[in-house]
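Asks: 3D model of this:
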Amino acid sequence: MNSPSRNATLLLVEDDRLVLSTMAAGLRHAGYQVDCAESAEQAEAWLATGARPDLAILDVRMQGQGGLALAERLSQLDHIPFVMLSAYGEAAMVEQATRSGALAYLVKPQDVQQLLPVIEAALARASELDGLRRSQRQLQTALDTERSVNVATGIVMMEYKLSRTAAFNLLRDAARRQRRKLTELADEVVSARNLLSLGAKNLPAASK
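Replies: Prediction:
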């Protein structure tokens, strides 16, 4: 099956060189771009270069830092989706991997052909989650923008004894004349008011 995600970049982290080379070759043959690391530390160094895979496949038990510790970093810091691969299928290990954000947990040995549908499903789910994060960021930006403009409008209303509509129009027209974004001007108005307020609080009593 040819899938549009088959050109995705995978990070394969496995300390067994034979398993690593066999899986990497099979995944490359399937059309994926595959980067390999023989330890969590090597994967960390690779990620530190700014590289970002579409999906990481992590061995749970490795020499040095284990795959679960690396999974925590991928999930919390980089939002890089991952699946776990292990020779063990203990319930506690599966639960821990799931809590870390694993999109799948596979028990070795796994034939590459068996891995493909799991990888495709994980990539599709990762794309959905990324879309949700982008929507949340856009919503937060919109809320922050609305809040800033509302506060600035309120300041203009008080300063010039205007209605809310007139104050908003004054801000909007000023932004247009200055060829600036309304939010940028609103932030400046709010900052200026805050500075004036701080200055007034620090004046000696006789000066007020």
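Asks: Could you check how many residues crowd around Leu115?
Replies: By other CB atoms under 10 Å, the residues close to Leu115 number 21. Where C-beta positions appear, they are placed from N, C-alpha and C, glycine not excepted.
Asks: in what helix or strand does it lie?
Replies: Take DSSP states H and E as the rule and Leu115 turns out to sit in helix 112-160.
Asks: which strands and helices sit next to that helix?
Replies: helix 17-29, strand 55-59, strand 82-86, helix 164-177, helix 182-201 (3 or more CB pairs under 8 Å, 6 or more residues apart in numbering; DSSP states H and E).
Asks: starting at the chain centroid, how far to it?
Replies: Computed by CA atoms, centre = their mean, to the nearest Å, the separation of helix 112-160 from the middle of its chain amounts to 10 Å.
Asks: could you check the angle strand 82-86 makes with it?
Replies: 150 degrees (axes from the mean of the first three to the mean of the last three CA atoms, to 10 degrees).
Asks: Could you pull up the mean pLDDT of helix 112-160?
Replies: Helix 112-160 shows a mean pLDDT of 79.
Asks: quick one, that helix and strand 55-59 angle?
Replies: Going by the same axes, to 10 degrees, helix 112-160 makes 120 degrees with strand 55-59.
Asks: rewinding a little: highest average neighbour count across the helices and strands packed on helix 112-160?
Replies: strand 55-59 (a mean of 25; mean count of other CB atoms under 10 Å).
Asks: List the strands paired with that strand, with their directions.
Replies: strand 9-13 (parallel), strand 82-86 (parallel) (DSSP bridges).
Asks: So for that strand, mean pLDDT?
Replies: 88.
Asks: Mean confidence (pLDDT) on whichever helix or strand comes after that strand, please.
Replies: Toward the C-terminus, strand 55-59 is succeeded by helix 67-73 as the next helix or strand (DSSP H and E). Helix 67-73 carries an average pLDDT of 77.
Asks: Show me which residues of helix 67-73 are buried.
Replies: For helix 67-73, the neighbour count (16 or more other CB atoms under 10 Å) marks Gly67, Leu68, Leu70, Ala71, Arg73 as buried.
Asks: What is the distance between that helix and the centre of its chain?
Replies: 16 Å.
Asks: who touches it?
Replies: Residues from elsewhere that reach helix 67-73, judged by CB atoms under 8 Å, 6 or more residues apart in numbering: 13, 40, 43-44, 56, 58-61, 82, 84-86, 96-97, 100-102.
Asks: Look up the closest residue to Met62, ignoring the ones flanking it.
Replies: Asp15 (4.2 Å; CB to CB, 6 or more residues apart in numbering).
Asks: What about Leu129, how many residues nearby?
Replies: 14.
Asks: can you check Ser148 too?
Replies: 19.
Asks: so how far is Asn194 from it?
Replies: Separation of Ser148 from Asn194 (CB to CB, to the nearest Å) stands at 12 Å.
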